[in-house]
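Asks: Everything below, folded, please.
(one chain, ligands or ions: 3)
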Amino acid sequence: MTLDNLLKGVQTVAVICNQWGDTGKGKFSDYFASQWADVTARGTGGNNAGHTVVVNGIKKVFHLIPAGITNDSLGKITILGNGMVIDLEVLSSELDELDSDGVSYNNLMLSGDANVIMPYHVNRDRAKHQSQKNGGIGSTGRGIGPSYSDKIARRGIMVRDLFDEDNLANKIRKASELYPEQNINVEEVIERLRPYAERVHPFVRDTVAEMHRFMGEGKKILLEGAQGLLLSIEHGTYPYVTSSDCSLNGTAGGVGLSAKDIDLPLGIVKFPFMTRVGAGPFPTELGGNMSESYCAEEGHTRLDELQEHGIPHTSSNGKIEYNWRDPRIIEMINSEDFFTQGIGIRLAASEYGATTGRPRRVGWTDAVAAKYASRINGGLMILTKPDSLSGLNEFKICYGYERGSEVSETFSRDGELLRSASPVYKSYQGYGDIGDIRSHGNLPRSLKEAIYDFEKFTSGKVAVVSVGPDREETIVI
Ligand code: GDP
Ligand code: IMO
Ligand code: MG
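Replies: Residues are numbered from 1 along each chain as shown. Ligands and ions are numbered 1, 2, ... in the order given. A predicted model of the protein is given here:
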């Protein structure tokens, strides 16, 4: 199928994730924003997200501003929606980066209804109990949870509150009483925020009213999801989740729309492996508990792992280069020791956090979890990154959870149940390089067979297969 056919009669597309984040939302937000959308809007999360966009080999990571901003000079609109939490310093520094990259942002809109991440939220998030090392959930430490907590408790500071200093001072004073350990000095906080608030002020709008107007005018609208369904506060592996509902429902609500307004919701699934960052159950994790605690420890950055496993590399000014098809990496991805195989896949697929640099935990794609996610996010899917595992002798997909003598095909949010599950796998033959393939028909037979089985099991439909990080490396089925 062509992209034109896929988008025929479609006014609204959502690019969301059906796993634990980091599946390629950045790539596909840019893909649809550059060739199709008039408006790109984000509705959930904050700068816990790290969305990578690669255009002509040049990489850019966005944390807050949707990837569509690079099309601003064409008059396209970019929105930070009401459901987001905004760290003003981070937003200002993203604007500085756009300035230095020569990217305009004349059509940027920031919702006055979005909540603000205050400096004391960041401090609270970084307090010990959130750290994975100390048994916490391993948050990104960006103040997301504490900011959403204040929102839910109806004492949050909204973007529009920033411009009424008396009201702002009152709200911060209340926070200082609530969080005495933070020694909040109201005046100091206001002084610190003022330059950033002034910087973003020209972009503040009633973005919900704007979205409703754009819908009425027939503008083509793209929603850029953040995080992933299995990290959703509502549907994910609670409490090992983020603090927003990053499902289709939450993403649409976060920009003032309803899920039923979305004509083409596309749930991204990494295939045939998947990842998770931070703590929490992950039934198909290669190396199991050992991998989970290893990834929580310091000292396993990309550089550490390259050194430890004797893989030739260069490192200068924070830029690390190595051959992801180095014979040693190929040997590791085919290792019979699953823990080593996981490290090999992490190195081959470059799975290190775009926000925190943490090693991402790695396992085979879990079709049981994907079936659950598809039920909530709609059945249309994009598969990403199969190209990064070329050189594998065989790969596996999980189609069931075995507990004792029972096999279940039903996902559960109960961590104990997930941890007691042994994945039931089907194995498929590995494949070689697929990065240059541009049609479904030309994909290796075993990968097509796995995609067919996966669609059947999840009752979903794969609409797109991605075979590289660049816009061009995309197959519309
Ligand atoms: P996001 O959070 O969902 O936007 O994903 P991230 O940017 O955190 O991580 C996805 C990574 O995979 C990025 O480095 C992308 O450039 C890269 N990527 C996306 N799609 C593909 C693909 O099909 N193949 C390969 N090799 N890399 C991809
Ligand atoms: P993108 O949009 C992957 C994870 C954190 C942690 C948990 C809670 O790039 O896919 P938080 O800081 O939100 O309170 O952390 O959620 N997490 C993500 N994992 N991708 C993300 O975003 C994530 N955003 C949060 O690692 O386990
Ligand atoms: Mg990411």
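Asks: Please list all residues in contact with Ser374.
Replies: Asn18, Gly267, Met381, Thr458, Ser459, Gly460 (Cβ atoms under 8 Å, 6 or more residues apart in numbering). Using the backbone N, CA and C atoms, a C-beta is placed for each residue, glycine as well.
Asks: Could you look up the SS state of it?
Replies: What DSSP: H, G, I helix; E, B strand; the rest coil gives for Ser374 is helix.
Asks: Quick check: it vs Val269, distance?
Replies: 9 Å (Cβ to Cβ, to the nearest Å).
Asks: so of the contacts of Ser374, which ones are in strands?
Replies: Members of the contacts of Ser374 lying in strands (criterion: DSSP state E): Gly267, Met381.
Asks: quick revisit: got any residues that touch both of Ser374 and Val269?
Replies: Asn18, Met381.
Asks: about what we covered before: buried ones only from the contacts of Ser374, please, as a ChimeraX command.
Replies: To isolate the buried ones among the contacts of Ser374 in ChimeraX, judged by 16 or more other Cβ atoms under 10 Å, type:
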select :18,267,381,458,460
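Asks: Check for me that Ala463 belongs to a strand.
Replies: Yes - judged by three-state DSSP, Ala463 forms part of a strand.
Asks: list the contacts for it?
Replies: Met1, Leu6, Leu266, Leu380, Met381, Ile382, Val476, Ile477.
Asks: What of Asp387?
Replies: Here Asp387 is in contact with Asp433, Ile434, Gly435, Ser466, Val467, Gly468, Glu473 (criterion: Cβ under 8 Å, 6+ apart).
Asks: Any idea how many residues pack against the residue lying closest to Asp433 once chain neighbours are set aside?
Replies: Nearest in space to Asp433, with sequence neighbours left out and distances taken as Cβ to Cβ, 6 or more residues apart in numbering, is Ser390 at 4.9 Å. By other Cβ atoms under 10 Å, 19 other residues sit near Ser390.
Asks: And for Ala421?
Replies: With other Cβ under 10 Å as criterion, Ala421 counts 22.
Asks: Name the nearest residue to it, sequence neighbours excluded.
Replies: Tyr401 (3.4 Å).
Asks: how long is stretch 10-25 from one end to the other?
Replies: By Cα to Cα, to the nearest Å, the extent of stretch 10-25 from end to end equals 19 Å.
Asks: any idea how this protein splits into domains?
Replies: Recorded structural domains for the chain (assignment: automatic domain parsing) are 3-107+204-268, 116-198, 273-476.
Asks: Could you single out the most deeply buried of those domains?
Replies: domain 3-107+204-268 (a mean of 22; mean count of other Cβ atoms under 10 Å).
Asks: Report whether that domain contacts ligand 1.
Replies: Yes - Domain 3-107+204-268 lies within reach of ligand 1 by Cβ under 6 Å from any ligand atom, at Cys17, Gly21, Asp22, Thr23, Gly24, Lys25, Gly26, Lys27, Gly50, His51, Thr52, Val54.
Asks: near ligand 2, from the residues you listed?
Replies: Cys17, Gly21, Asp22, Gly50, His51.
Asks: now, which of those residues lie within strands?
Replies: Going by DSSP E, the strands hold Cys17, His51 from these.
Asks: for the contacts of Ser374, which one is nearest ligand 2?
Replies: Within the contacts of Ser374, the smallest distance to ligand 2 is 11.4 Å, found for Asn18 (Cβ to the nearest ligand atom).
Asks: one step back: which two from the ones next to ligand 2 among the residues of domain 3-107+204-268 next to ligand 1 end up farthest apart in space?
Replies: Cys17 and Gly50 (12.4 Å; Cβ to Cβ).
Asks: Can you show me the helices along the stretch 151-300 of the chain?
Replies: Assigned by DSSP state H, counting those that start in this stretch, the stretch 151-300 of the chain shows helices spanning 165-178, 186-200, 207-216, 248-253, 288-296.
Asks: Export the contacts of Asp387 as JSON lines, with columns for secondary structure, distance to Ala153 and pLDDT.
Replies: Output for those, formatted as JSON lines (DSSP: H, G, I helix; E, B strand; the rest coil; distance: Cβ to Cβ, whole Å; pLDDT from 0 to 100):
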{"residue": "Asp433", "secondary structure": "coil", "distance to Ala153": "53", "pLDDT": "97"}
{"residue": "Ile434", "secondary structure": "coil", "distance to Ala153": "49", "pLDDT": "98"}
{"residue": "Gly435", "secondary structure": "coil", "distance to Ala153": "49", "pLDDT": "97"}
{"residue": "Ser466", "secondary structure": "strand", "distance to Ala153": "40", "pLDDT": "98"}
{"residue": "Val467", "secondary structure": "coil", "distance to Ala153": "46", "pLDDT": "98"}
{"residue": "Gly468", "secondary structure": "coil", "distance to Ala153": "44", "pLDDT": "97"}
{"residue": "Glu473", "secondary structure": "coil", "distance to Ala153": "45", "pLDDT": "97"}
